[in-house]
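Participant: Sequence first, then the predicted structure, then my questions.
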Amino acid sequence: MEETKKEPLLLDFADALGRQKKNDNFLRNLLACHYDVQIVDDPDVLLFTHTGHRNRLYSCKKIFYTQERYLPDWKNCDAAITSAFCDHPRAFYFPYFAAHRRGDLVRSPGFDPEKILREPRGFCSYLHKYADRTVADRTRFFHALNRRKKVDAFGPAENNTGFTIPGVAGDAKLRVLRRCRFHIAFENRLTPGWT
């Protein structure tokens, strides 16, 4: 049986996306399911995000991508993939959790909630990089709950464990978060569709 030849896609990443592994990341691997993706310096399509300005040096088709609540500047991109709802014909909604899920989003067969309840775990975890006036509500909530029952803060902000999780995502983060029954996932701004 002859393998169907995929159409080539000359691709590059800029700004914060340009600092990741260009030949092995979620977006590149997703596109490779449909195209023969080639990472080049002079691309036909550029993927970029809300941090940085290098994308302005390109004159090709540009796709804005973010997992944050930011919306695109339509003067600077041809399409957008966003984690917040954007009512625009060139915008595609792709929630944050869909890019980072492992397996199904539903309970697996044989899921035993009683077993989880019997496991020894801490009360609650808190993981954030900073505590400034922009996140004052979140910080106040952490302190109010921590006064009632200890909340384990594993990030640089409000750290009370003596341990900081290396990096911002991945297996190390999941292992630490599994130590507790609850986690404070708290945002200070409401944006429709952003989780």
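Facilitator: That came through, no problem. What you see is a predicted model; the values in this text were computed from it and never measured.
Participant: From now on I want contacts and neighbour counts done on CA atoms only, so please keep to that.
Facilitator: Will do.
Participant: which one's the longest helix in the chain?
Facilitator: Secondary structure of the chain read by DSSP state H shows that its longest helix is helix 136-148.
Participant: Just the residues contacting the helix or strand following it, thanks.
Facilitator: Next helix or strand after helix 136-148 toward the C-terminus (DSSP states H and E): strand 151-153. By C-alpha atoms under 8 Å, 6 or more residues apart in numbering, the list of residues contacting strand 151-153 from outside reads Gly122, Phe123, Cys124, Ser125, Tyr126, Leu127, Phe142, Leu145, Asn159, Asn160, Thr161.
Participant: Out of the residues you listed, name the ones that lie in helices.
Facilitator: Per DSSP H, the contacts of strand 151-153 map to helices at Phe142, Leu145.
Participant: closest to Tyr96 among the contacts of strand 151-153?
Facilitator: Leu127 (17.2 Å; C-alpha to C-alpha).
Participant: re earlier: could the contacts of strand 151-153 go into CSV alongside neighbour count?
Facilitator: Below are the contacts of strand 151-153 laid out as CSV (neighbours: other C-alpha atoms under 10 Å):
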residue, neighbour count
Gly122, 15
Phe123, 14
Cys124, 20
Ser125, 22
Tyr126, 21
Leu127, 22
Phe142, 20
Leu145, 12
Asn159, 17
Asn160, 15
Thr161, 11
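Participant: Cross the contacts of strand 151-153 against strands and list the overlap.
Facilitator: Gly122, Phe123, Cys124, Ser125, Tyr126 (DSSP state E).
Participant: now the second one: how far from Asp171?
Facilitator: Which is Phe123. 20 Å (C-alpha to C-alpha, to the nearest Å).
Participant: same deal with the last one?
Facilitator: Note on Tyr126: its distance to Asp171, by C-alpha to C-alpha, is 16 Å.
Participant: picking that back up, closest to Phe13 among the contacts of strand 151-153?
Facilitator: Leu127 (28.3 Å).
Participant: Skipping adjacent residues, who's closest to that closest one in space?
Facilitator: Distance criterion C-alpha to C-alpha, 6 or more residues apart in numbering; nearest residue to Leu127, sequence neighbours excluded, is Gly155 at 4.6 Å.
Participant: doesn't Ala131 make contact with the one you found?
Facilitator: No - the pair Gly155 / Ala131 is not scored as a contact, 10.4 Å apart, by C-alpha atoms under 8 Å.
Participant: between the two, which one's more packed in?
Facilitator: Gly155 (23 against 15; other C-alpha atoms under 10 Å).
Participant: contacting residues for that one?
Facilitator: Contacts of Gly155 (C-alpha under 8 Å, 6+ apart): Tyr126, Leu127, His128, Lys129, Phe163, Thr164, Ile165.
Participant: Drop anything exposed from the residues you listed.
Facilitator: Tyr126, Leu127, His128, Thr164, Ile165 (16 or more other C-alpha atoms under 10 Å).
Participant: those strands in the protein, which residues are they?
Facilitator: 7-13, 35-39, 45-48, 61-65, 79-82, 91-93, 122-126, 151-153, 180-184.
Participant: Thank you kindly, that will do.
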